[in-house]
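*Asks:* One predicted model, sequence on top.
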Amino acid sequence: MITGIVTPEREAFIVLMVQGPDGQAEEIPAVIDTGFDGSLRLPSKTIARLGLTWRSRGRALLADGSESIFDIHEAIVIWDGQPRRIAIDTVDMIPLVGMSLLDGHELTIQVCDDGKVMIQRLP
């Protein structure tokens, strides 16, 4: 099980271990974003620090109707105790966990100050 906490700003936070290709690793606090259909978004500074491998470019339609073009990198995330190779979108904002990373899991959020965030693998 993956656990986290709800902040006073009502953001559901978890901490992920992200590994680069040379084994360098960093704990990354990230907000769960159920409106994001990708796996994980990280700032370019974090991607550079970890030396993540560039894979391609992506496009996204934003809520305001504009289009965003971004780089996609690859990393290993320790997810529910297991290494998992995923695509990382480069977006210079706070790290976000998306629905693709949550696929196959149940997400429970107690929406209150210091509420619990729990992510469990589905049977």
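*Replies:* Received the coordinates, thanks.
*Asks:* what packs against the longest helix seen in the chain?
*Replies:* As assigned by DSSP state H, the longest helix anywhere in the chain is helix 44-50. Contacts defined by 3 or more Cβ pairs under 8 Å, 6 or more residues apart in numbering; DSSP states H and E place helix 44-50 against strand 12-19, strand 25-32, strand 67-79, strand 82-90. Any C-beta I mention is one placed from the backbone N, CA and C, and that applies to glycine too.
*Asks:* Now do the first helix or strand past it going along the chain, average pLDDT.
*Replies:* Once the chain leaves helix 44-50, the next helix or strand it forms, by DSSP states H and E, is strand 53-61. Throughout strand 53-61, pLDDT has a mean value of 91.
*Asks:* got the angle between strand 53-61 and strand 67-79?
*Replies:* Put simply, strand 53-61 runs at 130 degrees to strand 67-79, going by axes from the mean of the first three to the mean of the last three Cα atoms, to 10 degrees.
*Asks:* Go through the longest helix of the chain and flag the buried ones.
*Replies:* T46, I47, L50 (16 or more other Cβ atoms under 10 Å).
*Asks:* ok, those vs R10, which is closest?
*Replies:* Of all those, T46 has the smallest distance to R10: 23.8 Å, by Cβ to Cβ.
*Asks:* CA atoms only: put the longest helix of the chain into CSV for me.
*Replies:* Written as CSV, here are the backbone C-alpha positions of helix 44-50 (Å, rounded to 0.1, in the frame of the first residue of the first chain):
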residue,chain,number,x,y,z
SER,A,44,12.8,20.0,-15.8
LYS,A,45,15.3,20.7,-13.0
THR,A,46,14.4,17.3,-11.4
ILE,A,47,14.6,15.5,-14.7
ALA,A,48,18.1,17.0,-15.3
ARG,A,49,19.3,16.2,-11.7
LEU,A,50,18.3,12.6,-12.2
